[in-house]
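1. Curious how this folds, go ahead:
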Amino acid sequence: MKQYRTRNTSQQVAIGRYLKKEMANHPLSISIQRLADSEDWRATIDYRNRWVHDKPPTIRGLGIIYQRRIRWTREGKQKKLFIGGGDEPEFIIQDVLNFIRTAFSLFYETLSEVADFYFRVLEASTLTLGQLCRKVLIMNSNIPPPPGWEDDDLAKFMDTARNNAYATFANLRLEYGRLSGIDAVFRKLIDNLHHTGQWFVGFFVLRAHSTFLGAAALAISGQIPEAYVLLRSCLENCLYGFHIYQNPSCGEVWLRRHDNEQAKRKVKTEFQIKNLLNTLKAISPFECEVMQALYERTIDMGAHPNERALMQNLKMDNQEKHIHFQMTYLDADSPALRLCLKTTAQTGVSMLGVFRLIFKERFDILGLSETLTRLRQGL
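-> Next up is the predicted model:
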């Protein structure tokens, strides 16, 4: 490869030159050359390189902007320096979106072709890869977005949230792994609840798990205050189930909530959070203390519109003539996000700890007690 490499040439460029010169008709060369010849791809790479190695390209709508250049001009023997007004921006945001979107689509096609080539090589050898691995590596989807999806703001928001979830999965492996482990314990418990005498309480296990999945999805995608709303609901589902387990007659009280106003008041009185926590405290002061602390935190951080719930995603830019406020809907990696992910995991193990008080033998037989102990480490 030495003949294709100059002093500052990367391995990538050297291989590209080799393929173009020595193997121009190879399937890989054809796929990669098609990508390299794309004007949109070259524009995207140039945009990326300037971001990384130079001043970011200027875009209309971002206020007064300047290009990086010498600002002194010469007229005869005089030098002039103009101040104020800024420079004409190089791009509008729609232009950037257009060429990056086209480049990404072409890159996806190229990656798929290259991956398919290597899969065929592997399948022709003694090595084989299952269909599941193929789907994970290529991320191929057989269901394209419906017409108009890309032009809808709500759809764009959901796509961005999912991209955030990918980032959490890839970059915060410990945090994500805990949530996945908690989900696995719930699923194994639920799959083994048949023939239990506590079938009615089992409904609250299902609802607690379902709500946990919703809270985890919000937390992983960066919807932090919103996740705390569901985390509070997780705790309440768990506490309702435990209270009915300890007081079976309360099951009928709960079922008759909508019979009349008197029945509704009776449910409200019986299932007050203080009463539910006292029921748990009588059996396990430790689990009660943990759950009460989590319950208060969820209220502070989003389950109620309190100060901390608002301020954790609020940014303020105090400028000379005005103050600019920005509310973040989808948070990136931040202390607030990590606290939310940790609280989600703490809520999950706390619920499992309470449900273990009800289904202790099943937890022990299934090995879930040991798993729960491991999941609690570091939380």
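2. Verify the assumption that residue 108 is located in a helix.
-> Yes. Counting by DSSP: H, G, I helix; E, B strand; the rest coil, residue 108 is part of a helix.
3. quick one, what contacts it?
-> If you count contacts by C-beta atoms under 8 Å, 6 or more residues apart in numbering, residue 108 has none. All C-beta atoms are positioned from the backbone trio N, CA, C, and that covers glycine.
4. For it, report the pLDDT, please.
-> Per-residue pLDDT puts residue 108 at 82.
5. Next, the contact list for residue 285, please.
-> Listed by C-beta under 8 Å, 6+ apart, residue 285 has no contact partners.
6. which residues of this protein fall in strands?
-> For the chain, the strands defined by DSSP state E occupy 72-75, 78-81, 314-318, 323-327.
7. want to throw those strands into JSON lines with mean pLDDT?
-> Shown next, in JSON lines, are the strands of the chain (pLDDT from 0 to 100):
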{"stretch": "strand 72-75", "mean pLDDT": "76"}
{"stretch": "strand 78-81", "mean pLDDT": "74"}
{"stretch": "strand 314-318", "mean pLDDT": "78"}
{"stretch": "strand 323-327", "mean pLDDT": "79"}
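8. Distance of the nearest residue to residue 150 once chain neighbours are set aside relative to residue 217?
-> Of all residues not flanking residue 150 in the chain, residue 156 sits nearest, at 7.4 Å (C-beta to C-beta, 6 or more residues apart in numbering). Noted for residue 156: a distance of 18 Å to residue 217, by C-beta to C-beta, to the nearest Å.
9. Tell me the gap between stretch 226-238 and the middle of its chain.
-> Relative to its parent chain, stretch 226-238 has a centroid offset of 18 Å by C-alpha atoms, centre = their mean, to the nearest Å.
10. what does stretch 157-177 give?
-> With C-alpha atoms, centre = their mean, you get 3 Å for stretch 157-177.
11. Name the stretch from the strands of the chain that approaches residue 202 most closely.
-> Taking C-beta to C-beta, strand 323-327 is the member of the strands of the chain nearest to residue 202, at 40.0 Å.
12. Kindly spell out which helices and strands sit in contact with that closest one.
-> Applying 3 or more C-beta pairs under 8 Å, 6 or more residues apart in numbering; DSSP states H and E, we find strand 323-327 packed against strand 314-318.
13. Neighbouring strands - and their directions - for the strand it packs on?
-> As defined by DSSP bridges, the strand partners of strand 314-318 come to strand 323-327 (antiparallel).
14. And the partner strand, what's buried?
-> Across strand 323-327, burial judged by 16 or more other C-beta atoms under 10 Å covers no residue at all.
15. Okay, helices next: where are they in the stretch 251-379 of the chain?
-> For the stretch 251-379 of the chain, the helices defined by DSSP state H, counting those that start in this stretch cover 261-270, 273-283, 285-298, 307-311, 335-358, 360-366, 368-376.
16. Nearest to residue 169, out of those?
-> For residue 169, the closest of the helices of the stretch 251-379 of the chain is helix 335-358, at 11.6 Å, according to C-beta to C-beta.
17. Buried ones in the closest one, by neighbour count?
-> Within helix 335-358, the residues that count as buried by 16+ other C-beta under 10 Å are 336-337, 339-341, 343-356, 358.
18. ok so, going back, least confident of the helices of the stretch 251-379 of the chain, on average?
-> Looking over the helices of the stretch 251-379 of the chain, mean pLDDT reaches its minimum on helix 307-311, with a mean of 80.
19. Which strands and helices lie in contact with that helix?
-> Using 3+ C-beta pairs under 8 Å, 6+ apart: helix 307-311 touches helix 224-246.
20. just to revisit the earlier point, so for residue 245, which of the helices of the stretch 251-379 of the chain sits nearest?
-> helix 335-358 (5.1 Å).
21. Taking their axis directions, that closest one and helix 273-283 sit at what angle?
-> Here helix 335-358 runs at an angle of 60 degrees relative to helix 273-283 (axes from the mean of the first three to the mean of the last three C-alpha atoms, to 10 degrees).
22. Now do helix 335-358 against helix 224-246: the angle between them, please.
-> Using the same axes, to 10 degrees: helix 335-358 against helix 224-246 is 10 degrees.
23. got the contact list for residue 372?
-> Here residue 372 is in contact with 185, 349, 352, 353, 356, 363 (C-beta under 8 Å, 6+ apart).
24. would CSV of the residues you listed with distance to residue 89 be doable?
-> Output for the contacts of residue 372, formatted as CSV (distance: C-beta to C-beta, whole Å):
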residue, distance to residue 89
185, 53
349, 51
352, 54
353, 56
356, 60
363, 62
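25. Closest to residue 297 out of the residues you listed?
-> residue 349 (14.5 Å).
26. Wait, that closest one touches residue 182, no?
-> Yes. Assessed by C-beta atoms under 8 Å, residue 349 is found in contact with residue 182 at 6.3 Å.
27. Burial check on the residue nearest to residue 150, number of neighbours?
-> Residue 156: 12 surrounding residues under other C-beta atoms under 10 Å.
28. how far away is residue 101 from residue 156?
-> Between residue 101 and residue 156 the distance is 12 Å, computed by C-beta to C-beta.
29. one step back: and for residue 349 and residue 182, which residues touch both?
-> residue 375.
30. Please name whichever of the helices of the stretch 251-379 of the chain is nearest to residue 239.
-> helix 273-283 (4.0 Å).
31. Tell me which residues are up against that closest one.
-> In contact with helix 273-283 (C-beta under 8 Å, 6+ apart) are residues 236, 239-240, 242-243, 246-247, 269, 287-288, 291-292, 295, 354, 357.
32. cool, stretch 291-304 as well?
-> The contact list for stretch 291-304, computed with C-beta under 8 Å, 6+ apart, reads 224-229, 231-232, 235, 238-239, 273, 277, 280, 306, 308-309, 312, 339-340, 343, 346-347, 350, 354.
33. same thing but 6 Å
-> 225, 228-229, 231-232, 235, 277, 306, 308-309, 346-347, 350 (C-beta atoms under 6 Å, 6 or more residues apart in numbering).
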